[in-house]
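[1] okay, structure incoming, though there's no sequence with it:
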């Protein structure tokens with residue numbers, strides 16, 4: 001049964017050149033129509049994934065802070081009616097730090113949002129312009145201060161390893177970010193995703209990404225400065241004070257069930273993978289036609305589930321418990337990992353073992369994808 005709920009709002013004021021998320025720009029949005037569709041989709045999901053109180057809700061996008069606060073309140077009231085809320089429920093909403101959206105923060109807090117995730121991305125105006133953001137650094141800092149005064153918990157994103165970033169430059173920017181004193185930061189290296197404008201710019205020679213070695217040095221600086229500030233990494237790109245980790249994202253990384261509603265939303269429940277229609281108009285049509293927005297739902301075989309659990313869990317600093325996974329999926333340890341590869345990577349200082357638990361060391365985190373390709377059992381990868 002799902003104890004985490006993801007709600008996707010697909011609309012943005014502008015598509016950023018690095019973004020490959022399911023986001024769309026529209027001249028106008030029929031709020032009443034979307035309220036009806038999202039409510040119907042939520043009810044359909046609760047019928048098959050209900051039964052236990054929710055511990056987390058996450059409004060993602062797109063730009064959910066563009067949602068009218070009244071719509072947020074209505075959806076939360078419906079979720080509470082359908083599932084019930086755990087006493088310590090975490091309710092997160094992603095927001096852009098523009099002055100227009102910050103003006104809604106008080107109303108969003110009153111609607112029930114208790115954690116906000118701000119897409120700051122940079123505190124430098126030239127970098128914000130390069131990243132295609134609509135806000136400036138002063139707006140971002142004002143929005144951060146407003147958010148900290150209204151929400152119980154605040155986190156914000158930064159993108160680093162931009163072209164031209166030097167160790168000194170990134171260390172100064174990160175120190176400024178840490179000075180805000182939030183309990184959580186998400187720090188992402190710039191990744192050139194297929195289908196984005198940046199991917200086209202790279203192909204045409206207009207953009208030259210930072211080299212792998214230079215990016216790895218910035219990653220090391222990130223680990224050092226965040227740990228020194230009391231926000232150590234708990235996942236490859238996420239840093240928090242102990243107790244302020246994102247409960248919602250931990251549900252993903254620990255491979256717990258979660259329901260996903262709204263355009264393009266993914267879900268996992270009872271071994272079934274669900275995907276909603278991505279295009280907003282197709283989602284609305286599907287809800288009208290069949291009562292939910294599902295484009296595809298598929299029962300994952302045991303090997304697929306085990307592979308996903310490993311690939312997600314090894315992103316966490318806590319690693320994974322192989323004994324627990326073996327019991328959960330009725331697979332022997334040898335069916336989960338390549339022992340010879342694990343031993344070799346442990347000798348190289350890139351992975352660790354402690355009893356039945358394994359994980360990636362700080363030195364190995366910047367090489368995570370390559371390590372996963374080696375250590376996850378070939379039988380799972382082939383599945």
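    Structure's in. What do you need? Worth saying up front: this structure is predicted, and the values here are computed from it rather than measured.
[2] helices along the stretch 201-350 of the chain, start to end?
    212-228, 247-253, 280-290, 302-313, 322-329, 339-347 (DSSP state H, counting those that start in this stretch).
[3] possible to save the ones you listed as CSV with mean neighbour count, distance to residue 127 and mean pLDDT?
    Any C-beta I mention is one placed from the backbone N, CA and C, and that applies to glycine too. Putting the helices of the stretch 201-350 of the chain into CSV (neighbours: other C-beta atoms under 10 Å; distance: least, C-beta to C-beta, whole Å; pLDDT from 0 to 100) gives the following:
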stretch, mean neighbour count, distance to residue 127, mean pLDDT
helix 212-228, 16, 14, 94
helix 247-253, 21, 25, 96
helix 280-290, 17, 30, 97
helix 302-313, 20, 30, 95
helix 322-329, 16, 41, 96
helix 339-347, 15, 35, 96
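[4] and of the ones you listed, who's closest to residue 357?
    helix 322-329 (7.1 Å; C-beta to C-beta).
[5] compute the inter-axis angle for the closest one and helix 339-347.
    150 degrees (axes from the mean of the first three to the mean of the last three C-alpha atoms, to 10 degrees).
[6] contact partners of helix 322-329?
    Residues from elsewhere that reach helix 322-329, judged by C-beta atoms under 8 Å, 6 or more residues apart in numbering: 302, 305-306, 309-310, 313, 331-333, 335-337, 356-358.
[7] ok, which stretches of the stretch 101-250 of the chain are strands?
    Counting by DSSP state E, counting those that start in this stretch, the stretch 101-250 of the chain has strands at residues 115-121, 153-160, 184-189, 233-235, 238-240.
[8] turn the helices of the stretch 201-350 of the chain into CSV, columns for distance to residue 187.
    As requested, the helices of the stretch 201-350 of the chain are arranged in CSV below (distance: least, C-beta to C-beta, whole Å):
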stretch, distance to residue 187
helix 212-228, 5
helix 247-253, 14
helix 280-290, 30
helix 302-313, 19
helix 322-329, 28
helix 339-347, 24
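[9] before we move on, the earlier item: out of the strands of the stretch 101-250 of the chain, flag the one nearest residue 366.
    strand 184-189 (8.9 Å).
[10] report the buried residues of that closest one.
    184, 185, 186, 187, 189 (16 or more other C-beta atoms under 10 Å).
[11] which residues touch the last one?
    Yep, that's residue 189 we're talking about. 159, 160, 161, 215, 218, 219, 237.
[12] let's see 10 Å
    159-162, 165, 209-210, 215-216, 218-219, 222, 236-237, 366 (C-beta atoms under 10 Å, 6 or more residues apart in numbering).
[13] tell me the bridge partners for it.
    Taking DSSP bridges, one obtains residue 160 as the residues bridged to residue 189.
[14] out of the helices of the stretch 201-350 of the chain, nearest to residue 107?
    helix 247-253 (21.7 Å).
[15] relative to the whole chain's centre, how far out is that closest one?
    Relative to its chain's centre, helix 247-253 lies at 9 Å (C-alpha atoms, centre = their mean, to the nearest Å).
[16] try stretch 114-134
    The answer for stretch 114-134 is 16 Å, by C-alpha atoms, centre = their mean.
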